[in-house]
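**Student:** no sequence on this one, just coordinates:
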């Protein structure tokens, strides 16, 4: 069935470090791909998305490219900040349903 | 942007009692609402989808008689966990899509979640 696999956390980085959170997916059709972020005490917020192969989603310095050949949608940021500390969820949408990965906690220290 | 709230944010109840969780869209009309359940260190699992004024569509394996979903208005959906047991303890999250002033919100907007603990 359709599924999303993302790297386990926590990911611990110093401020200004480079971030990569890996995400791969399995889908029978042509899904849209998403990254959501959940800050402490808040609901999930859409961070970025891509709807077709080779699309790049970007927002707040984060970016991810829809790679159909490797079925991946890795999240990257060149220089993280303490305020980026949160849980990040990779997800795919197919037939109007969202399927989530298990989430990756990012901790950024000054 | 579109805001979704949930109430309560946490609840503790005794085994055998029923608990109601509310999900509200604050600044848009939520034509469709989704209920998810999240176990520790696991992903969000979709429980059911409800359209305003219609019966909810439950995912496979979700007991509709145990998890009663009502979506009677365009701003409110409720999830009632009936005869709760300790295994029902979990984090319950709702989301919604809809419209406001002619603008469509096709991406899901999520509430902050409700932590249920059944003793």
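**Tutor:** Arrived safely. Source: prediction; values computed, not measured. Numbering: from 1, shown residues only, chains lettered A, B, ... in the order given.
**Student:** in contact with residue 80, which residues?
**Tutor:** Defaulting to chain A. A:13, A:15-19, A:106, A:108 (CB atoms under 8 Å, 6 or more residues apart in numbering or on different chains). (Each C-beta comes from the backbone N, C-alpha and C, glycine too.)
**Student:** the chain in question should be chain B.
**Tutor:** Applying CB under 8 Å, 6+ apart to residue B:80 gives the contacts B:18-21, B:67-70.
**Student:** and which of those is nearest residue B:91?
**Tutor:** residue B:21 (10.8 Å; CB to CB).
**Student:** surely residue B:15 is in contact with residue B:117?
**Tutor:** No. Residue B:15 is beyond contact range of residue B:117, at 10.8 Å (criterion: CB atoms under 8 Å).
**Student:** follow-up on the earlier one: of all the contacts of residue A:80, which comes closest to residue A:48?
**Tutor:** For the contacts of residue A:80, the nearest to residue A:48 is residue A:19 (13.5 Å; CB to CB).
**Student:** quick check: bridge partners of the closest one?
**Tutor:** Legend: beta-bridge partners of residue A:19 under DSSP bridges are residue A:77.
**Student:** what is the neighbour count of it?
**Tutor:** For residue A:19, the neighbour count with other CB atoms under 10 Å in any protein chain shown is 18.
**Student:** and for residue B:70?
**Tutor:** Residue B:70 - counted by other CB under 10 Å - has 15 other residues nearby.
**Student:** which secondary structure state does it sit in?
**Tutor:** Three-state call for residue B:70 (DSSP: H, G, I helix; E, B strand; the rest coil): strand.
**Student:** which one is it nearest to, not counting chain neighbours?
**Tutor:** residue B:78 (4.8 Å; CB to CB, 6 or more residues apart in numbering or on different chains).
**Student:** how many other residues sit next to the one you found?
**Tutor:** Residue B:78: 19 neighbours (other CB under 10 Å).
**Student:** can you give me the strands in chain B?
**Tutor:** Per DSSP state E, chain B carries strands over the ranges B:4-7, B:10-13, B:19-25, B:29-38, B:44-51, B:57-58, B:67-73, B:76-81, B:90-100, B:103-110, B:114-118.
**Student:** now the last one: how far from the chain's centre is it?
**Tutor:** Right, the one you point to is strand B:114-118. 13 Å (CA atoms, centre = their mean, to the nearest Å).
**Student:** tell me which parts of chain A are close to chain B?
**Tutor:** Contact residues (CB under 8 Å from any CB of the partner chain) of chain A with chain B: A:4, A:36, A:41-46, A:49, A:89, A:97-103.
**Student:** can you do 7 Å?
**Tutor:** A:41-44, A:46, A:97-98, A:100-103 (CB under 7 Å from any CB of the partner chain).
**Student:** for chain A, which strand is longest?
**Tutor:** Under DSSP E, chain A gives strand A:86-94 as its longest strand.
**Student:** which strands and helices lie in contact with it?
**Tutor:** For strand A:86-94, the elements it packs on are strand A:3-6, strand A:32-38, strand A:97-100, strand A:104-109, judged by 3 or more CB pairs under 7 Å, 6 or more residues apart in numbering or on different chains; DSSP states H and E.
**Student:** one step back: give me the buried entries from the contacts of residue A:80.
**Tutor:** By neighbour count, with 16 or more other CB atoms under 10 Å in any protein chain shown, the contacts of residue A:80 hold A:13, A:19, A:106, A:108 as buried.
**Student:** and these, which is closest to residue A:81?
**Tutor:** The closest of those, once distances to residue A:81 are taken by CB to CB, is residue A:108, at 6.4 Å.
**Student:** ok, back up a step: mean pLDDT for the strands of chain B: which is lowest?
**Tutor:** Mean pLDDT is lowest for strand B:103-110 among the strands of chain B, at a mean of 88.
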